[in-house]
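Asks: predicted model and sequence below, questions to follow.
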Amino acid sequence: MVTALTLALGVTAFVLPPKQTFLALFLYVLLGCIGLPVFVGGTAGFGKLFGPTGGYIFAWLVVYPIISALKGARPNFKRYALVDIVIGIPLTYVGGLISMMLVMDVSLEAALVMAVLPYIPGDIIKCLMAAFLGVKVNEALAHNR
């Protein structure tokens, strides 16, 4: 399923400092775990963390604070895009692949075909959009200070 999560995760990391990025994502996960339908497809529940796609959720909590730490001091589209595409996407996919392989008992190849390869083009586009929006939001925030 295609979602705007990659876009939202990137913008969050580009606008907030690392600790706040972690707290925002932790709150998102917590809301989903207690029953608010915030996960993909309007789903919720603690069990989502341990389903086939739970590894993505765990990965976000680690990956996007790292992205936030690596974004640099000044808004920069190329840096934002590069960090998200080269680090954010691959590390998030690793988390998703691990959970997919463990929960569904499928090979790496099968997990790649199901959970990674179809999404690469869209995720790259969403990372570019997140980089653009991250720069614009940070510039607007700096202008209003």
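Replies: All right, it came through fine. The shown structure was predicted, so the numbers you read here are calculated from the model rather than taken from an experiment.

Asks: return the backbone torsion pair for residue 74.
Replies: With angles defined as degrees, to the nearest 10, residue 74 sits at phi -110, psi 150.

Asks: against residue 142, how distant is it?
Replies: Distance of residue 74 to residue 142, given as CB to CB, to the nearest Å: 9 Å. The C-beta positions use only the backbone N, C-alpha and C, and glycine is treated the same way.

Asks: what residues does stretch 137-145 touch?
Replies: For stretch 137-145, contacts defined as CB atoms under 8 Å, 6 or more residues apart in numbering pick out 11, 14-15, 75.

Asks: buried set for stretch 54-64?
Replies: 54-60, 63-64 (16 or more other CB atoms under 10 Å).

Asks: nearest to residue 44, of those residues?
Replies: Of all the buried residues of stretch 54-64, residue 57 has the smallest distance to residue 44: 12.0 Å, by CB to CB.

Asks: confirm that closest one sits in a strand?
Replies: No - if the criterion is DSSP: H, G, I helix; E, B strand; the rest coil, then residue 57 is helix and not within a strand.

Asks: and residue 6, how many residues sit next to it?
Replies: 24 (other CB atoms under 10 Å).

Asks: dump the residue contacts of it.
Replies: Residue 6 sits in contact with 89, 122-123, 126-127, 130, where contact means CB under 8 Å, 6+ apart.

Asks: okay, it and residue 124: tell me how far apart.
Replies: Applying CB to CB to residue 6 and residue 124 gives a distance of 9 Å.

Asks: now residue 42
Replies: 25 Å.

Asks: likewise for residue 59?
Replies: 17 Å.

Asks: equivalent analysis for residue 108, please.
Replies: For residue 108 relative to residue 124 (CB to CB), the value is 21 Å.

Asks: ok, these two, which is more surrounded?
Replies: residue 124 (15 against 12).

Asks: tell me the SS of the more buried one?
Replies: Residue 124 ends up helix, using three-state DSSP.

Asks: of the contacts of residue 6, which is the most crowded?
Replies: Those, ranked by neighbours (other CB under 10 Å): first place residue 130, 27 neighbours.
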